[in-house]
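1. Structure of the sequence below:
(one chain, ligands or ions: 1)
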Amino acid sequence: MDIDRRMQDLPAWRREGDEIRRTVNAPDFPAAIRIVDDIAVKAEELNHHPDIDIRWRTLHLTLTTHDKGGLTDLDFTLAALIDDIAAKHGA
Ligand SMILES: C[C@H](O)[C@H](O)[C@H]1CNC2=NC(N)=NC(=O)C2=N1
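-> I've put the predicted structure just below:
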């Protein structure tokens, strides 16, 4: 997989070694929790789960595939879905 190519489609995400990370700034705390709730639904569907750090209305999200020891298609698929969810909630 061409990771650099995949990153070009995800400008909100940055790569750090075997992980990709993005910060989401929600309009307020309840919106941040709704974003997490929507992400949880997709994560369960994909059986792929982000690490999420909740700081008031700021979310720090990290994706990697521990099972495979690095980044996979699933990380980029979930990252794009997270971007859609964040946009839907005004973040
Ligand atoms: C057993 C189960 O399928 C694995 O633990 C899954 C669950 N969710 C996961 N999520 C993420 N982000 N990486 C994984 O490697 C992973 N593995």
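
2. ok, now how distant is the most centrally placed residue in the chain from residue 30?
-> Nearest to the mean C-alpha position of the chain, counting by Cα atoms, centre = their mean, stands residue 79 at 4.3 Å. Separation of residue 79 from residue 30 (Cβ to Cβ, to the nearest Å): 24 Å. In this view, the C-beta of every residue, glycine as well, is placed from N, C-alpha and C.

3. interface residues of the protein facing the ligand?
-> Counting by Cβ under 6 Å from any ligand atom, the residues of the chain close to the ligand are 47-49, 63-67.

4. And the next helix or strand past the worst-scoring helix or strand of the chain on mean pLDDT?
-> Ranking every helix and strand in the chain by mean pLDDT, DSSP states H and E puts helix 3-8 at the bottom, with a mean of 95. Sequence order places strand 14-16 as the next helix or strand after helix 3-8, per DSSP states H and E.

5. That next one - contacts with which helices or strands?
-> Counting by 3 or more Cβ pairs under 8 Å, 6 or more residues apart in numbering; DSSP states H and E, the packing neighbours recorded for strand 14-16 are strand 19-25.

6. what's the next secondary structure element after the strand it packs on?
-> Once strand 19-25 ends, the next helix or strand along the chain (criterion: DSSP H and E) is helix 29-46.

7. Can you tell me what sits against that next one?
-> Outside helix 29-46, the residues that touch it by Cβ atoms under 8 Å, 6 or more residues apart in numbering are 24, 26, 49-50, 52, 54, 56-59, 61, 74, 77-78, 81-82, 85-86, 88-91.

8. Appreciated, that's everything.
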